[in-house]
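**Student:** Here is a sequence together with a model predicted from it:
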Amino acid sequence: GGGGGRAASTSGIVSVGGSGGNGATGGTATLANIGAITTSGDHADAAYAHSIGGGGGKGASSTAIGVPFSVAIGGNGGTGNHGGAVNINKIGTAGAQLTTTGEHARGLVAYSQGGGGGHAGNTVSVSASSTPDVSVAIGGSGGAAGNGGEVRVNFNGGVSTAGGHSTGILATSTGGGGGSAGTTVSVANGVGTVSTAIGGDGSGGGTGGTVTFCRGTRAGSSEFCSTSSQEDAGQVKTQGAISHGVLVSSVGGSGGHSGVTVAGTAAPSFDSVDVGVGGDGGEGGAGGLVNVYSSGGISTTGESSVGLLVKSVGGSGGSAYTTAAADTLSSSSVNVSVGGNGGTAGGGGNITLGSIDDITTQGSHSDGISVQSTAKSGGVGGAVITGTGVSAGNAGISVGGGAGNGSTAGTVDLTWSGTQLHTKGLQAVG
């Protein structure tokens, strides 16, 4: 899907920024009846099916300059949309051999990607006069991210890759990253001033979709794979570094960050009140359900090349950035700064893996089978600053932001019943 448009900047005594456009939804991608394919160039995958949701557009920046008041409201980021479903269906090994010899050249790729949320524009409000003065700035928030779509792969063919960074088979669904808020600044300059800045929030990351991967079909192999034909798949073989045999994953997007928020009085004032309230970080998206059945054998030769790697990973929570409230010179002043909270992390999804593969790896850091359901960390809470230059009487109040909570990993159900699981390199677990 296409990305959303960017909103134009605005200005005036009262300025309201427009929101970024929304991204379009990715369509369904289907690949079937794969024959023998060979590629020899770099970045030349043999077979590829990909659906991408469009990213949200950037919100408008907003600037207000006035006497004796000014108000600026920042534009929100546009919404990222969802990736579509991806289906690869090739039953039968005859003729379905995928071969690549270049660098960054994978054998078979099935990938659904949610669009990232658009970032908010910056917001600045400045008011200056010789009378009482008011300045208000309200920051825009980041746009919501799109989710990864469902990915289903049913492939019995063989795969061979020779170059580095050339995974044999990749099947993944990934949520988009949440949009971040922009910087928010409010400055007043007058006899008596009130300056208020309220920061925008980061948005949540998209969730990873369900991924179902079937390599080989046998009665009773799994409840989620077809058993209409009874055969094992062809072998998957990789030779380069960082070239996993089979990688299946569902990954949640990270939450967006809040922006820096500043409220202040810039010049001498009899009395001043400055209030800064920071925005919160967005929540991380959850990793989705992953179901895998694999047969036919896997071998890797290079370093950092896992034989069979299966993951469901939640996204990190977005961090809250610094909030400040300060004045330079006044007879009396009150400065209040309240920090934003970090976003909660996304959880890892449940994983079911059944394999009858014989698996061999030769390089260091090349595990035979690795299965991981992982929850990332919550976002960092916002730092706060209050201060005054010279004042006959000053009150400063600072309330720090809280850190975002972590989340939980999913369950892992692993069954392996092959005859050989052999690793030869250093720090390579079977």
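**Tutor:** Thanks, I have the structure now.
**Student:** Where does the prediction get shaky in the stretch 1-150 of the chain?
**Tutor:** 1-12, 91-95 (pLDDT under 70).
**Student:** what are the ranges of the helices in it?
**Tutor:** Remark: no helices are assigned in the stretch 1-150 of the chain by DSSP state H, counting those that start in this stretch.
**Student:** same deal with the stretch 201-350 of the chain?
**Tutor:** So, for the stretch 201-350 of the chain - with DSSP H, counting those that start in this stretch - there are no helices.
**Student:** Please work out how many residues are found near G176.
**Tutor:** 36 (other CB atoms under 10 Å). Quick note: C-beta positions are derived from backbone N, CA and C, even for glycine.
**Student:** ok, it touching G142?
**Tutor:** No. Counting by CB atoms under 8 Å, G142 is not a contact partner of G176; they are 11.2 Å apart.
**Student:** list residues touching both of those two?
**Tutor:** Common contacts of G176 and G142 (CB atoms under 8 Å, 6 or more residues apart in numbering): G117.
**Student:** what residue is smack in the middle of the protein?
**Tutor:** G253 (2.6 Å; CA atoms, centre = their mean).
**Student:** Relative to G317, how far out is that residue?
**Tutor:** Separation of G253 from G317 (CB to CB, to the nearest Å) stands at 11 Å.
**Student:** Now do the shared contacts for the two.
**Tutor:** By CB under 8 Å, 6+ apart, the residues touching both G253 and G317 are G284.
**Student:** check contacts around S398.
**Tutor:** Contacts of S398 (CB under 8 Å, 6+ apart): V336, S337, G339, V384, I385, T386.
**Student:** got TSV for these, with neighbour count too?
**Tutor:** Formatted as TSV, these follow (neighbours: other CB atoms under 10 Å):
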residue	neighbour count
V336	20
S337	29
G339	28
V384	23
I385	16
T386	23
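**Student:** Can I get those in a markdown table including pLDDT?
**Tutor:** Shown next, in a markdown table, are the contacts of S398 (pLDDT from 0 to 100):
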| residue | pLDDT |
| --- | --- |
| V336 | 89 |
| S337 | 91 |
| G339 | 92 |
| V384 | 89 |
| I385 | 87 |
| T386 | 88 |
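**Student:** Who are the contact partners of the spatially closest residue to G342 that is not a sequence neighbour?
**Tutor:** Spatially, and ignoring its direct neighbours in sequence, G342 is nearest to G379 (2.9 Å; CB to CB, 6 or more residues apart in numbering). Residues in contact with G379 (CB under 8 Å, 6+ apart) are 255, 257, 281-282, 316-320, 341-345, 403-404.
**Student:** Quick check: strands, which of these are part of them?
**Tutor:** Counted as lying in strands by DSSP state E, out of the contacts of G379, is not a single one.
**Student:** Between those residues, which sits nearest F155?
**Tutor:** The closest of those to F155 turns out to be S316 (CB to CB; 32.0 Å).
**Student:** For that closest one, the count of nearby residues, please.
**Tutor:** Neighbour tally, S316, other CB under 10 Å: 30.
**Student:** That one: what's it in contact with?
**Tutor:** S316 touches S254, G255, G284, A345, G346, K376, S377, G378, G379, counting by CB under 8 Å, 6+ apart.
**Student:** I'd assumed S294 was in contact with R215.
**Tutor:** Yes. Contact criterion CB under 8 Å: R215 and S294 qualify, at 4.5 Å.
**Student:** Select only the buried ones of the contacts of G379 in PyMOL?
**Tutor:** The buried subset of the contacts of G379, as determined by 16 or more other CB atoms under 10 Å, is captured in PyMOL by this line:
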select buried, resi 255+257+281+282+316+317+318+319+320+341+342+343+344+345+403+404
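**Student:** that older thread, which neighbours do R215 and S294 have in common?
**Tutor:** A233, V246.
**Student:** can you tell me the average pLDDT over stretch 420-430?
**Tutor:** The average of the pLDDT scores along stretch 420-430 is 90.
**Student:** For it, buried residues please.
**Tutor:** L421, T423, G425, A428.
**Student:** Tell me how far the first one lies from V159.
**Tutor:** Counting by CB to CB, the gap between L421 and V159 amounts to 19 Å.
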